[in-house]
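Chemist: Pasting a predicted model and its sequence here:
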Amino acid sequence: MANLTALQNITEQSLNCTGHCGSLKPHLLRWSAVLLATSVFGVISNGVLLGVIGRSRTLRSGTGILISHVVVAQLLMCAVHFPVHVFLVYGKNFWSITYPAHTCTYAYFPNLATVFAIGWSEATLAVNRLIATVCPYHYPTWTTRRVGFAMVAACWVISCGTLLPFCFGVGGVFGSSSLGQCAALKSSFITYSVIFSVNAYAPYTIVGVIAVTIICKVCAKKLAKKYTVAPDVTDPPVGLRTRALFRQRLNLAGMLFVSFLFSVVCSQPVALSNTLFPAYQKSDPLFSLWLVLARLIQYSLSPVTKCNDTEK
């Protein structure tokens, strides 16, 4: 425990803003206002979508469980974790609060675990959509409540289990900058890189690969039917249903791909900054603060991309 405390003190010194923190107060005030306002919007947008899901009987099992889990996790980020993040920074700089040594361990571990769980939840949703498109006859088996809750539990086991070593100073530590911002800081490059590669990059890689696979599968099936099957003129409704099913699956794949691009644009700057450009965060203390806003925007606007799934 003494070694962990010493490591936290070292990381705090490494993120020092070199004596000009007082001049940053106007910027910190604007940052706090923007993050809180965006958090309120995120609470409203995720709350509305959660209400829509709750009123739909068809979304109370299967896919609905996975969507609800993502929405609840995003709601938790907007209603709890980001406001706590703002409070720590604001209290440090405006109220001169001195936080205990392990504050970031208790505050940032659940924050980052929720971030990683959301990423894996997006991956489980993508797998769900892949099965619905490629193996529709097996889809009912994968949409039971038991499977849905098992997928949700797996997301949290992976996210919390991989981050747990940081709580004991193994591979990294949850430290605080002199501005009061908590962060996961590495003490072992290999361990730190593996943890963040598994949780920050792997889920969205899975989503991207599945989105492209669905688009290719749907388009290939459409072309195969176009050139190998003659149109059934005796039963026009069959052709209409086939075209409607094709458009539905293509729209689903398109929305999945748009959601993937949106998530990557919002989440990966933080991950890349933590793993590839940590030195820049040390030289510019406001950089990492404003970078968090991208992830908050992801959670606030993500319900828009989930509306298409609620219609299935």
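Modeler: Everything's here; your move.

Chemist: which element is residue 178 on?
Modeler: Secondary structure assignment for residue 178, by DSSP states H and E: no helix or strand.

Chemist: For it, grab phi and psi.
Modeler: Backbone torsions for residue 178, taken as degrees, to the nearest 10, come to phi -70, psi -10.

Chemist: what's the answer for residue 186, then?
Modeler: Dihedral pair for residue 186: phi -90, psi 140, per degrees, to the nearest 10.

Chemist: Buried residues of stretch 24-37, list them for me.
Modeler: Using 16 or more other CB atoms under 10 Å as the test for burial, stretch 24-37 gives 24, 28, 31, 32, 35. To be clear about C-beta, it is placed using only N, CA and C from the backbone, and glycine gets the same treatment.

Chemist: Could I get those in CSV, plus columns for secondary structure?
Modeler: Converted to CSV, the buried residues of stretch 24-37 look like this (DSSP: H, G, I helix; E, B strand; the rest coil):
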residue, secondary structure
24, helix
28, helix
31, helix
32, helix
35, helix
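
Chemist: where does the stretch 151-300 of the chain dip in pLDDT?
Modeler: Across the stretch 151-300 of the chain, the ranges flagged by pLDDT under 70 are 221-254, 270-284.

Chemist: What segments of it are helices?
Modeler: Here the stretch 151-300 of the chain has its helices, by DSSP state H, counting those that start in this stretch, at 189-196, 202-228, 236-276, 278-283, 285-310.

Chemist: Show me what the first one is packed up against.
Modeler: Counting contacts by 3 or more CB pairs under 8 Å, 6 or more residues apart in numbering; DSSP states H and E, helix 189-196 packs against helix 145-167, strand 172-176, strand 182-186, helix 236-276.

Chemist: hmm, try it at 6 Å
Modeler: Applying 3 or more CB pairs under 6 Å, 6 or more residues apart in numbering; DSSP states H and E, we find helix 189-196 packed against no helix or strand.

Chemist: That one vs helix 145-167, what angle?
Modeler: Angle, helix 189-196 to helix 145-167, by axes from the mean of the first three to the mean of the last three CA atoms, to 10 degrees: 160 degrees.

Chemist: Show residues contacting helix 189-196.
Modeler: 162, 171, 172, 186, 275 (CB atoms under 6 Å, 6 or more residues apart in numbering).

Chemist: Quick one: which of the residues you listed is the most crowded by neighbours?
Modeler: In terms of neighbours by other CB atoms under 10 Å, the contacts of helix 189-196 top out with residue 172 at 23 neighbours.

Chemist: Bridged to it, which residues?
Modeler: residue 186 (DSSP bridges).

Chemist: got it, and the one 4 residues further on?
Modeler: Following DSSP bridges, residue 176 is listed with bridge partners residue 182.
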